[in-house]
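Q: Sequence and computational prediction follow.
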Amino acid sequence: MFSSKNRSEIITKLQKETFDILVIGGGITGVGIALDAAGRGLKVALVEKQDFAAGTSSRSTKLIHGGLRYLKQLEFGLVREVGHERKTVYHNAPHLVIPEKMLLPITDGGSFGKASASVGIYTYDWLAGVKRSERRTVLDRKETIKREPLLKKSGLEAGVVYWEYRSDDARLVIEVAKTATEDGAVLLSYCEFEAFSYSQKHISGAKVKDLRSGNTYEIKAKRTINAAGPWVDAVRSKDEAVKGKRLHLTKGIHLVFDHARFPLRQAVYFDVPDGRMIFAIPRDGATYVGTTDTNYTDKIERPQVFQEDVDYVLQATNNAFDIEPLTQADIQSTWAGLRPLIHEDGKSPSELSRKDEIFLSEHGLISIAGGKLTGYRKMAERTVDLAFRQLEVEEKRSFALSRSSNRKLSGGLFHSFKAFVAELGETQLTEAQLNGLFHKYGSNAQGIIAKIDLKLEDRTLAILLSELRYCVDNEMIYELSDFLIRRTGRLYFEKPLADKYALALNQELTNLLTLSEADSKASLQTYLNESKAVLDFSTK
């Protein structure tokens, strides 16, 4: 049911049925709510005005991490919760959540001294429930340099190694969405919320617009949950004036370099002269660096990377690493994302809490904002608890506890790449090709591999075409950007390859979905515009 080809059937279902919960927003929080609620036996609908994960949820630092810096803000509860959630997400989606040793260099005048870093990360590990075998290791200066030779030697005193988890944020959203669909939820992208429906002064659903056809219709629901990320306040304002707590948007950007140009051996979390800390992480033949944390008040759709953002990250990276200075010409790709945080008077972007909060309007709208990618499951659980308790009172229904902590996500059958390969048997693909498919699709990669046209001379194109067909049938893609950005991340980490095959892939997508000439051209042009935008560093 989570297929581009089933759109008309999905719309019919949305029009005809009355749902227990309607979710507005198809990012990680929204799909997490859909999965949690459907797993408890509730009837769930979800609408997203763009592609799934098109907003914040495809634009993070792509880490499932506990947030070491939140210890400095004394947010022990947040560190404990997301630390424990790392293990849950890893267990449920091992193909997407990859253990990654992180190196924290200790420098003269840096955020941490050797003693404070050791104690701080010990506390971090303890709060997060890290296994003894994976707890932090303190290195002397020589050991630190051996672990990452590119670190600048001047001022370097020591290092601490601790465990984090690298992930693919957008694919996590898709796997959660697919699993929610398996559990009975009805999800639809390119379907925009327009207005609330009311019955006796209580929200009874929403009027939505199908952006593929232009048609509008109503979805009936007993409870409506606003999980629209950066758009939460905009959705709240359709019900009543936003009062009390409100969103505070901040922007974070990342720069991507060819790994041959910035050959980092391992992930590093390093100091910036202004007192912040940022990551440099090797991944998929690239090294990416970020993030910034600045106030944002511009257009929410497709936030831009500004020249001052680029200059900041380049300078920070060149200050920390002993390499030929990176320049703007070395940048292969970028992305910018927005954090929907809760406003607190007098606090800078980096000082704002990452805690999530739930708002309840007079007419029954439940809104959820704030939080982190890592904590999406607990955010969803708390939100569904509230909605279910209300239904329990009104309809005398038996309250059911969340089951999401042990729900394997789509693709999560194999705990390791080694186990996947052993089950797969002989294949004509290289280990690198198999690894790339496994860490995108997990056990679902078996079906993709089986349908690769091995007679096609261009093996890379053959793999891409098989992935595309799978995504049309199983991952609700409608445009080329959905595939090359959110389903595969290739615009960010393999931009030259994505650009090279864009035309051929768009033609296949046109054939698979029987797109009109106008829609086909629009699909290709949207991708070309996105590809251009990642290297267009506009000034404010």
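A: Arrived safely. Numbers count the residues shown, from 1 in each chain.
Q: I'd guess Pro282 is in a strand, am I close?
A: Yes. The assignment for Pro282 by DSSP: H, G, I helix; E, B strand; the rest coil puts it in a strand.
Q: What is the neighbour count of it?
A: Pro282 has 19 neighbours, counted by other C-beta atoms under 10 Å. For every residue, glycine as well, the C-beta is placed using N, CA and C.
Q: quick one, what contacts the residue nearest to it when sequence neighbours are not counted?
A: The spatial neighbour of Pro282 that comes closest, neighbours along the chain excluded (C-beta to C-beta, 6 or more residues apart in numbering), is Leu264 at 4.7 Å. Residues in contact with Leu264 (C-beta atoms under 8 Å, 6 or more residues apart in numbering) are Glu148, Leu150, Ala280, Ile281, Pro282, Thr287, Phe321.
Q: ok, the second one - contacts?
A: When contacts are counted by C-beta under 8 Å, 6+ apart, Leu150 is found next to Phe262, Pro263, Leu264, Arg265, Phe321, Asp322, Ile323.
Q: quick one: which of these is nearest to Glu508?
A: Set against Glu508, the nearest of the contacts of Leu150 by C-beta to C-beta is Phe262 (33.7 Å).
Q: And the pLDDT for the closest residue to Gly371 other than its chain neighbours?
A: Among residues not flanking Gly371 along the chain, Asp356 sits closest, at 3.4 Å (C-beta to C-beta, 6+ apart). Listed pLDDT for Asp356 reads 85.
Q: Distance of the residue sitting nearest the centre point of the chain relative to Ile253?
A: Centroid-nearest residue in the chain, with C-alpha atoms, centre = their mean: Asp169, separated by 2.7 Å. According to C-beta to C-beta, to the nearest Å, Asp169 and Ile253 sit 15 Å apart.
Q: now Ser516
A: Applying C-beta to C-beta, the value for Ser516 to Ile253 is 36 Å.
Q: what's the lowest-mean-pLDDT helix or strand in the chain packed up against?
A: Lowest mean confidence among the helices and strands of the chain (mean pLDDT, DSSP states H and E): helix 114-128, at a mean of 71. Where contact means 3 or more C-beta pairs under 8 Å, 6 or more residues apart in numbering; DSSP states H and E, helix 114-128 is packed against helix 76-92, strand 98-107, strand 137-140, strand 156-166.
Q: Check which residues of the first one are buried.
A: Right, the one you point to is helix 76-92. 78-90, 92 (16 or more other C-beta atoms under 10 Å).
Q: got any ranges where the stretch 251-400 of the chain has weak pLDDT?
A: For the stretch 251-400 of the chain, the stretches with pLDDT under 70 are 344-348, 350-354.
Q: just the helices in it please.
A: Assigned by DSSP state H, counting those that start in this stretch, the stretch 251-400 of the chain shows helices spanning 307-320, 376-395.
Q: List the buried residues for the helix or strand just after the longest one?
A: It stands for helix 376-395. Per DSSP states H and E, the first helix or strand lying C-terminal to helix 376-395 is helix 417-424. By neighbour count on 16+ other C-beta under 10 Å, the buried set for helix 417-424 is Phe417, Phe420, Leu424.
Q: export those residues to JSON lines and tack on pLDDT and distance to Ser520?
A: Formatted as JSON lines, these follow (pLDDT from 0 to 100; distance: C-beta to C-beta, whole Å):
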{"residue": "Phe417", "pLDDT": "94", "distance to Ser520": "36"}
{"residue": "Phe420", "pLDDT": "96", "distance to Ser520": "35"}
{"residue": "Leu424", "pLDDT": "92", "distance to Ser520": "35"}
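Q: Format the residues you listed as TSV; extra columns: distance to Leu365.
A: Formatted as TSV, the buried residues of helix 417-424 follow (distance: C-beta to C-beta, whole Å):
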residue	distance to Leu365
Phe417	44
Phe420	43
Leu424	47
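Q: ok, back up a step: next up, the contacts around the residue nearest to Gly371.
A: With C-beta under 8 Å, 6+ apart, Asp356 has these contacts: Ile368, Ala369, Gly370, Gly371, Gly375, Met379, Arg382.
Q: so Gly32 touches Tyr376, yeah?
A: Yes. Contact between Gly32 and Tyr376 holds when scored by C-beta atoms under 8 Å: they sit 4.4 Å apart.
Q: overlap in contacts of those two?
A: Jointly contacting Gly32 and Tyr376 under the rule C-beta under 8 Å, 6+ apart are Val176.
Q: helix, strand or coil for Ile174?
A: Recorded secondary structure, Ile174: helix (three-state DSSP).
Q: how near is it to Leu96?
A: Distance, Ile174 to Leu96, using C-beta to C-beta: 10 Å.
Q: The two: which has the busier surroundings?
A: When neighbours are counted by other C-beta under 10 Å, Ile174 and Leu96 differ, and Ile174 comes out ahead with 32 against 26.
Q: Which elements pack onto the strand or helix carrying Ile219?
A: Taking DSSP H and E as the criterion, Ile219 maps to strand 216-226. Contacts defined by 3+ C-beta pairs under 8 Å, 6+ apart place strand 216-226 against helix 7-16, strand 18-24, strand 44-47, strand 191-199, strand 202-210, helix 232-236, strand 366-370, helix 376-395.
Q: Out of the ones you listed, which is the most enclosed?
A: Greatest average neighbour count among the helices and strands packed on strand 216-226 goes to strand 44-47 (a mean of 28), per mean count of other C-beta atoms under 10 Å.
Q: Let's test this: mean pLDDT of that one, rounded?
A: For strand 44-47, mean pLDDT is 98.
Q: Phe388 and Val44 touch, don't they?
A: No. With contacts counted by C-beta under 8 Å, Phe388 stays clear of Val44, the gap being 11.5 Å.
Q: Overlap of the contact sets of these two?
A: Shared contacts of Phe388 and Val44 (C-beta under 8 Å, 6+ apart): Ala37.
Q: What is the nearest of the contacts of Leu264 to Glu48?
A: Proximity of these to Glu48 (C-beta to C-beta) peaks at Ile281, which lies at 27.9 Å.
Q: Please tell me how far the nearest residue to that closest one once chain neighbours are set aside sits from Val534.
A: Distances taken as C-beta to C-beta, 6+ apart place Ala267 nearest to Ile281, at 4.5 Å, with adjacent residues excluded. Taking C-beta to C-beta as the measure, Ala267 falls 22 Å from Val534.
Q: before we move on, back to that, who wins for proximity to Asp210 among the helices and strands packed on helix 114-128?
A: Here helix 76-92 is closest among the helices and strands packed on helix 114-128 (C-beta to C-beta), at 31.9 Å.
Q: And the closest one, what does it pack against?
A: Checked by 3+ C-beta pairs under 8 Å, 6+ apart, helix 76-92 has strand 63-64, helix 114-128, strand 156-166, helix 376-395 packed alongside it.
Q: hmm, back to that, make a markdown table out of the helices of the stretch 251-400 of the chain and add distance to Ile10.
A: Shown next, in a markdown table, are these (distance: least, C-beta to C-beta, whole Å):
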| stretch | distance to Ile10 |
| --- | --- |
| helix 307-320 | 39 |
| helix 376-395 | 21 |
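Q: so which of these gets nearest Lys142?
A: Lys142 sits nearest to helix 307-320 of all those, at 18.5 Å, using C-beta to C-beta.
Q: which parts of that closest one are buried?
A: So helix 307-320, judged by 16+ other C-beta under 10 Å, has buried residues Asp309, Val310, Tyr312, Val313, Leu314, Ala316, Thr317, Ala320.
Q: Closest one of those residues to Ser116?
A: Set against Ser116, the nearest of the buried residues of helix 307-320 by C-beta to C-beta is Ala320 (19.2 Å).
Q: mind listing what the residue nearest to that closest one when sequence neighbours are not counted touches?
A: In space, and not counting its chain neighbours, Ala320 is closest to Phe270: 4.6 Å by C-beta to C-beta, 6+ apart. Phe270 makes contact with Leu104, Pro105, Met277, Ile278, Phe279, Ala280, Ala316, Ala320 under the criterion C-beta under 8 Å, 6+ apart.
Q: Show me what the host helix or strand of Ile145 is packed up against.
A: Under the criterion of DSSP H and E, Ile145 resides in helix 141-147. Packed against helix 141-147 by the contact rule (3+ C-beta pairs under 8 Å, 6+ apart) you find strand 98-107, strand 156-166.
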